[in-house]
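>>> How does the following fold in three dimensions:
(one chain, ligands or ions: 1)
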Amino acid sequence: MNIALIAHDSKKELMIQFCIAYCGILSRHNLCATGTTGKQVSEATGLHIQRYLSGSQGGDQQICARISCNEIDVLLFFRDPINPKSNEPNDMNLLRLCDVHNVPVATNIATAEALILALERGDLDWREIGNPSL
Ligand SMILES: O=C(CO)COP(=O)(O)O
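Okay, here's the model as predicted:
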């Protein structure tokens, strides 16, 4: 499965802790991330992560493009709902595209944990059945 990671600055440490906790599961999948999120998570966990540009440079748009092509199976997007920075990715377009393509998406750690455990159980295998070329 292809899993995309994005974390607003105030949520990056949470994303790192989440990825440390679920490193074993995540290591069995293809990971990609916006630049800074990917750098920090890979340095903390040793996970191999395909890194796109930083969010402020358009990395979120690169992930949007992959979602548009139905190439992302799970999006973990830890966003700051209280004080997002002006240059942080526009969540509405990311979330809209996930709805277009039925991509399971988590915007907080509680849902992310449910999704990652569902992934491990095989509950998301329908993504590959629906996309045999992925
Ligand atoms: O802009 C973002 C959230 O602040 C996401 O991109 P980075 O992972 O490059 O920071």
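>>> residues touching residue 11, list them.
78, 79, 80 (C-beta atoms under 8 Å, 6 or more residues apart in numbering). (Glycine included, C-beta is placed from N, CA and C.)
>>> Which stretches in this protein count as helices?
For the chain, the helices defined by DSSP state H occupy 12-21, 23-26, 35-45, 59-68, 91-100, 109-121, 126-130.
>>> Quick check: nearest residue in space to residue 34, chain neighbours excluded?
residue 59 (3.7 Å; C-beta to C-beta, 6 or more residues apart in numbering).
>>> got the residues of this protein near the ligand?
6, 8-9, 34-37, 54-56, 59, 88-89 (C-beta under 6 Å from any ligand atom).
>>> which of those residues tops the neighbour count?
Using other C-beta atoms under 10 Å as the neighbour criterion, residue 37 leads the residues of the chain next to the ligand with 30 neighbours.
>>> Can you name the residue of this structure nearest the ligand?
Nearest to the ligand, among the residues of the chain, is residue 55, at 2.1 Å (C-beta to the nearest ligand atom).
>>> mind exporting stretch 16-30 as PDB, just the C-alpha atoms?
Provided in PDB are the C-alpha atoms of stretch 16-30 (Å, rounded to 0.1, in the frame of the first residue of the first chain):
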ATOM      1  CA  ILE A  16       7.200  11.200  14.600                       C
ATOM      2  CA  GLN A  17       5.900   9.500  17.800                       C
ATOM      3  CA  PHE A  18       3.100   7.800  15.800                       C
ATOM      4  CA  CYS A  19       5.600   6.500  13.200                       C
ATOM      5  CA  ILE A  20       8.000   5.300  15.900                       C
ATOM      6  CA  ALA A  21       5.100   3.400  17.500                       C
ATOM      7  CA  TYR A  22       3.900   1.800  14.300                       C
ATOM      8  CA  CYS A  23       7.300   1.500  12.600                       C
ATOM      9  CA  GLY A  24       6.900  -2.200  12.100                       C
ATOM     10  CA  ILE A  25       3.700  -1.900  10.200                       C
ATOM     11  CA  LEU A  26       4.700   1.200   8.300                       C
ATOM     12  CA  SER A  27       8.000  -0.500   7.100                       C
ATOM     13  CA  ARG A  28       6.000  -3.000   5.100                       C
ATOM     14  CA  HIS A  29       4.400  -0.300   3.000                       C
ATOM     15  CA  ASN A  30       5.500   2.400   0.500                       C
END
